[in-house]
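> Mind looking at a prediction? Sequence and model below.
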Amino acid sequence: MIDRFKLHIAKNFKGFKNQNLVLAFSGGVDSRVLFDLLLKSKIDFSVAHCNFNLRATASDQDAKFCADLCKLNSITFHIKKFETVEYSRNNKISIQMAARDLRYSWFNELQENLGYTHVLTAHHLDDQLETFLINLGRGSGLKGLRGITTDQIIRPLLPFSKDEIHAYAEENKIEWRADSSNEKDDYLRNQLRHHVIPQWKKTDENLLKQVSNSFENLSLAQEALNVIINDFQDKHFIKTKNKLSILLESLQGLKPQNYYLHALFSPYGFNNVTDLLSLIQAQSGKFLVSNTHRLIRDREQLILTPIEKSDLSREIKWIPEHDLKAPIQISIESEFVPKNKYALLNADLLKYPLILRKYKEGDYFCPVGMKGKKKLSKYFKDQKFSLLDKETQWVLCSEDQIVWVVGHRVDARFAGNSETNNPLILKSF
């Protein structure tokens, strides 16, 4: 097995030995064998052990076993103890899902804080088959049926069966910790592991080899489809600043449309094809929101934007003695150019500090060149602002009065002209 492992690494993970790797290590037979294979392959790695605090003293004994093994082999050891039951209760999810969330959230933290390039896990071919069957029952698409795949997580044991792993452990007299919870049938995965798959293996001794070939074929099919999807995105997802614009016409001609919509937008958190189809037919201004992005119907296009985490209600106080660098750039100029990005103001009419903030519902101003006051929402409509444009628009204020809709129109109450004694000329970028 060690020779096959080294060949698998050399073929599929070029540059593997130069990466900063951390092994997710439970102390069970699978991760214990991977630990041994990495050592014998002279691949440097650290270890991360999760103590889910679910099996009383046994959980602490597992942690000690892992720590002692790492100390013996001079391996950097990370450990974290979780209140898994409490997390499960608070988030109204199963213990199994809670453990998964906690585990991968911590792995992400380790990668961000300590610079690990990849997390290694000991999932094997039997795990892959279990995941396939679970996802099949959930109605997953091709990507889900491929089983266990991610970019940041590497699973070097996927070509190997559970029987091969056990045989290697016994042949090399490897010690490991047994998790009693794996023997229970509380979870669907365990039911498949203990009852369905063993019976299936009995009817076909070549089952796992054939399954491995099937996963390879699914991966090749997904790669081919990825090329098509990426090519479409390159042509039709037009990037401008922090948004992507997609013409509806380009989406309406796709066949099969349901597949394409899911493939194109699920990476941004939009997995419900029915909602996507409804948005395409909706009136301008309608939108969908995921955990990370917003998808807006704007006239004859969809606009995709990341959800900003900044507080849109915050106000920035500014005395124009120096250029403003953030959150937007406004410079103080010596010469006025009659363009929208310039503002010619009468500094004697302003009260300092000036306040820069986002547009709020109910705002109004007195636009230069127009009579009387006008609601900013009406001005935006007349100027054909999109929903995104409105929400990201900055206004510069003197106390509670708008001085300048930044980059667009000055308020007549504060406007300067060629005869103004104390002009303030600003330019937005």
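Yes, it's here.

> Output the lowest mean pLDDT helix or strand found in the protein.
When each helix and strand of the chain is scored by mean pLDDT, DSSP states H and E, helix 142-145 comes last, with a mean of 64.

> domain ranges for the chain?
What automatic domain parsing lists as the domains of the chain is 2-219, 237-306, 316-428.

> would you list the ones you listed in JSON lines and tack on mean neighbour count?
(Each C-beta comes from the backbone N, C-alpha and C, glycine too.) As requested, those are exported to JSON lines (neighbours: other Cβ atoms under 10 Å):
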{"stretch": "domain 2-219", "mean neighbour count": "16"}
{"stretch": "domain 237-306", "mean neighbour count": "15"}
{"stretch": "domain 316-428", "mean neighbour count": "16"}
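
> Going by mean pLDDT, which of those comes out lowest?
Sorting the domains of the chain by mean pLDDT places domain 2-219 lowest, at a mean of 85.

> Compute the first-to-last residue distance for it.
25 Å (Cα to Cα, to the nearest Å).

> same check, this time on stretch 319-335
This stretch, stretch 319-335, spans 19 Å end to end (Cα to Cα).

> now C70, nearest residue through space, not along the chain?
In space, C70 comes closest to F77 once its chain neighbours are excluded; the distance is 3.9 Å by Cβ to Cβ, 6 or more residues apart in numbering.

> and that neighbour, bridged to which residues?
Beta-bridge pairing of F77 under DSSP bridges involves V47.

> Likewise for I425?
Residues in beta-bridge contact with I425 (DSSP bridges): E333, L344.

> The stretch 101-250 of the chain: helices as residue ranges?
125-137, 142-145, 162-171, 188-191, 197-203, 207-236, 248-252 (DSSP state H, counting those that start in this stretch).

> In a markdown table, list the ones you listed along with distance to A48.
Shown next, in a markdown table, are the helices of the stretch 101-250 of the chain (distance: least, Cβ to Cβ, whole Å):
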| stretch | distance to A48 |
| --- | --- |
| helix 125-137 | 19 |
| helix 142-145 | 26 |
| helix 162-171 | 20 |
| helix 188-191 | 22 |
| helix 197-203 | 29 |
| helix 207-236 | 27 |
| helix 248-252 | 42 |
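
> Tell me which of the ones you listed approaches A56 most closely.
For A56, the closest of those is helix 188-191, at 20.0 Å, according to Cβ to Cβ.

> can you pull out the strands in the stretch 251-400 of the chain?
For the stretch 251-400 of the chain, the strands defined by DSSP state E, counting those that start in this stretch occupy 287-289, 293-298, 301-306, 316-318, 330-333, 342-346, 354-358, 364-365, 374-375, 394-398.

> which residues sit against the third one?
The one in question is strand 301-306. Here strand 301-306 makes contact (Cβ atoms under 8 Å, 6 or more residues apart in numbering) with 237, 242-248, 251, 265, 268, 279-280, 292-296, 386-388.

> rerun that using 7 Å as the cut-off
Strand 301-306 is contacted from outside by 242-248, 268, 292-296, 386, 388, using Cβ atoms under 7 Å, 6 or more residues apart in numbering.

> Run the chain-centre distance for that strand.
Its chain's average C-alpha position is 16 Å from that of strand 301-306, according to Cα atoms, centre = their mean, to the nearest Å.

> Note down every partner strand of that strand and its orientation.
With DSSP bridges as the test, strand 301-306 is paired with strand 243-247 (antiparallel), strand 293-298 (antiparallel).

> do the same with the fourth one
According to DSSP bridges, strand 316-318 forms sheet pairs with strand 354-358 (antiparallel).

> pull the CA atoms of the partner strand into PDB?
Provided in PDB are the C-alpha atoms of strand 354-358 (Å, rounded to 0.1, in the frame of the first residue of the first chain):
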ATOM      1  CA  LEU A 354     -19.000  67.800   6.700                       C
ATOM      2  CA  ILE A 355     -20.700  64.400   6.900                       C
ATOM      3  CA  LEU A 356     -20.300  61.600   4.300                       C
ATOM      4  CA  ARG A 357     -22.900  58.900   4.500                       C
ATOM      5  CA  LYS A 358     -25.000  56.600   2.300                       C
END
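
> between that strand and strand 394-398, how big is the angle?
If you take axes from the mean of the first three to the mean of the last three Cα atoms, to 10 degrees, strand 354-358 sits at 150 degrees to strand 394-398.

> mind checking how far N340 is from Y364?
19 Å (Cβ to Cβ, to the nearest Å).

> Would you point out which residue is most central in the protein?
The chain has T292 as the residue nearest its centroid, 7.0 Å off, counting by Cα atoms, centre = their mean.

> quick one on the thing from earlier: please identify which of the helices of the stretch 101-250 of the chain is closest to I153.
Of all those, the one in closest proximity to I153, counting by Cβ to Cβ, is helix 125-137 (12.6 Å).
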